[in-house]
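>>> From the sequence below, what's the structure:
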Amino acid sequence: MKQLEIDFAGIRFKNPFLLSSAPPTMDARHIVRAAKLGWGGAVIKTVAETPTVDPRTRLGALRKGPDLIGMNNIELISRASLETWTDDWLPKIKKEAPEDFVIVASIMSDPAPEGWTSLAKKMTNAGVDAIELNVSCPHGSPERHMGAAIGQNADLVETVTRGAKKGTNLPVMVKLTPNVTDMVPIAEAAVNGGADALAAINTVESLVGIDVETATPHPIAYGADPKEQLSTYGGFCGPAIRPIGLRFVSQIARAFPKIPISGIGGIEDWRSATEYLMAGAKTLQVCTAAMWYGFGIIKGMTSDLSSFMDRKGYSTLEEIVGKALPKIITWEALSKLSPVVAEVSSDLCTACKKCVVACADGGYVAIQIRDGTATVNPEKCDGCGLCAIVCDDNAVQFVHTS
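Residues are numbered from 1 along each chain as shown. Here you go, the predicted structure:
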């Protein structure tokens, strides 16, 4: 599908979908399998000078009823040594993956720039196509003065980016943390340090839930006493963080329109992928959906995105990138006293009364059931949108009052 090809920081991707640095890219076997299924590329699990060891268990879920909407993890970086990657796994991936498959090396070191220079040089010599700097892991790593401990400090981000650039002639992408009030100054520091691209977002620091029967937070792990159930703050990911990802991607896209962005956070299908493209991303990194549904989701994402492009008359992905940005304005610039009110389709309404209850207690008491259909009083309707949110039947539309 040539219409899905895109240039990103000087690299041609056959499609915009990459596996992000996470369990799905933990070793050569996983990455080669994904490559053969059609992924455009992969960011390897973050490599540092010293491998890590993880707790068990380390994944916790957020559900709405039976449906997964988010996941928390307390897993850190690669358990494999740097030499395993450079001497064994990366050569294997390059040999067995399709030639057009893009390999991005994710690296992490402490605040001293020399470590980043050394890691970037070794990964470049191993034959990767680009380097991603992990300055954004929100758990575990900050305790070691790494990860988000660097990524929340603009001066350190600029320093380590310069350090990495000294060790490579490849494109360098900085993966940014959402655990800041404003990402733009951090992104600016990365750009000032020589970053060729930005990636956003890494996971959101969180406490995903608590077992109220035992007062134990999730995911359940263990301390020094192997019988004592404990936990810690982790990184939240999945569909529930997509609004946060879209916010940050759009903000940095508007601030740095010439810097390519790799969008991350809750991408699970063609629609969520397109949202990120329209917010300013040029490539799309996927983790949680691949873990929940398997690498085979790439088939549907590429074919459905292509079908959408055909339906809307888009010839290239570049035509989609940033398309929504001009429509994001300040709150002050928005028209007040909304010019629209709700209207309910009698053909779709099932008279479930959800909108009636919601409007009575959270809205403007503007809806009643009449003749088996929810009916809106336009004099009372304030156009807030609550009825459309709670309607499961897509029966609510908004019409202009004049």
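
>>> Next, the residue lying closest to residue 218 once chain neighbours are set aside: phi, psi?
Of all residues not flanking residue 218 in the chain, residue 60 sits nearest, at 3.6 Å (Cβ to Cβ, 6 or more residues apart in numbering). Yep, even glycine has a C-beta here, placed from its N, CA and C like the rest. As for residue 60, its main-chain torsions (degrees, to the nearest 10) stand at phi -130, psi 150.

>>> residues in contact with the residue nearest in space to the middle of the chain?
Geometric centre of the chain, nearest residue: residue 265, 1.5 Å, by Cα atoms, centre = their mean. By Cβ atoms under 8 Å, 6 or more residues apart in numbering, the contact list for residue 265 reads 178, 200, 201, 237, 241, 242, 244, 245, 246.

>>> What is the burial count for the residue nearest to it when sequence neighbours are not counted?
Nearest non-adjacent residue to residue 265, counting by Cβ to Cβ, 6+ apart: residue 245, 2.7 Å away. Close neighbours of residue 245, defined as other Cβ atoms under 10 Å, add up to 25.

>>> for residue 162, same thing?
Neighbour number of residue 162 under other Cβ under 10 Å is 17.

>>> My assumption is that it lies in a helix; please confirm.
Yes: counting by DSSP: H, G, I helix; E, B strand; the rest coil, residue 162 is found in a helix.

>>> I figured it hits residue 114, correct?
No: look at residue 162 against residue 114 with Cβ atoms under 8 Å: they stay out of range, at 11.2 Å.

>>> on that earlier part again, so the residue nearest to residue 265 sits right up against residue 268, yeah?
No: under the criterion of Cβ under 8 Å, residue 245 is not in contact with residue 268, lying 11.9 Å apart.

>>> which stretches of the stretch 301-402 of the chain form strands?
340-344, 367-370, 373-376, 396-400 (DSSP state E, counting those that start in this stretch).

>>> Output the biggest helix by length in the chain as CSV, nothing but the C-alphas.
Ordering each helix of the chain by length in residues (DSSP state H) puts helix 297-312 first. Extracted in CSV, the C-alpha atoms of helix 297-312 (Å, rounded to 0.1, in the frame of the first residue of the first chain):
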residue,chain,number,x,y,z
ILE,A,297,-4.0,-6.4,14.4
ILE,A,298,-1.6,-4.8,11.9
LYS,A,299,-3.6,-6.3,9.1
GLY,A,300,-6.8,-4.6,10.0
MET,A,301,-5.1,-1.3,11.0
THR,A,302,-3.4,-0.9,7.6
SER,A,303,-6.3,-2.1,5.4
ASP,A,304,-8.9,-0.1,7.3
LEU,A,305,-6.7,3.0,7.3
SER,A,306,-6.3,2.6,3.5
SER,A,307,-10.0,2.2,3.1
PHE,A,308,-10.7,5.3,5.1
MET,A,309,-8.2,7.2,2.9
ASP,A,310,-9.9,6.0,-0.3
ARG,A,311,-13.3,7.0,1.1
LYS,A,312,-12.2,10.5,2.0
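
>>> Contacts for it, please.
With Cβ under 8 Å, 6+ apart, helix 297-312 has contacts from 1, 3-4, 15, 17, 34, 37-39, 268-271, 273-274, 286, 289-290, 314-315, 317, 320.

>>> what does stretch 243-259 give?
With Cβ under 8 Å, 6+ apart as the criterion, stretch 243-259 contacts 176, 178, 183-184, 187-188, 191, 195-198, 200-201, 204, 261, 263-266, 275-276, 279-281, 322, 324-325, 328.

>>> who touches residue 374 in this structure?
344, 349, 351, 353, 355, 356, 367, 368, 387, 395.

>>> and residue 234, bridged to which residues?
With DSSP bridges as the criterion, residue 234 is bridged to residue 206.

>>> What is the burial count for it?
27.

>>> Could you chop this protein up by domain?
What automatic domain parsing lists as the domains of the chain is 2-327, 340-400.

>>> Tell me which of those domains is the most buried.
domain 2-327 (a mean of 20; mean count of other Cβ atoms under 10 Å).

>>> just how off-centre is it within its chain?
Computed by Cα atoms, centre = their mean, to the nearest Å, the chain-centroid distance of domain 2-327 equals 7 Å.

>>> which ones are touching the nearest residue to residue 286 once chain neighbours are set aside?
Distances taken as Cβ to Cβ, 6+ apart place residue 267 nearest to residue 286, at 5.1 Å, with adjacent residues excluded. Residues in contact with residue 267 (Cβ under 8 Å, 6+ apart) are 242, 273, 276, 284, 285, 286, 289.

>>> Take these and keep only those in helices.
242, 273, 276, 289.

>>> could the residues you listed go into TSV alongside distance to residue 145 and pLDDT?
Putting the ones in helices among the contacts of residue 267 into TSV (distance: Cβ to Cβ, whole Å; pLDDT from 0 to 100) gives the following:
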residue	distance to residue 145	pLDDT
242	30	98
273	35	98
276	31	98
289	32	98
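
>>> from these, which single one is nearest residue 83?
residue 289 (31.6 Å; Cβ to Cβ).

>>> which residues touch the nearest residue to the closest one once chain neighbours are set aside?
Leaving aside its sequence neighbours, residue 289 sits nearest to residue 268 (Cβ to Cβ, 6+ apart; 3.9 Å). Contacts for residue 268 (Cβ under 8 Å, 6+ apart) come out as 239, 286, 288, 289, 293, 297.
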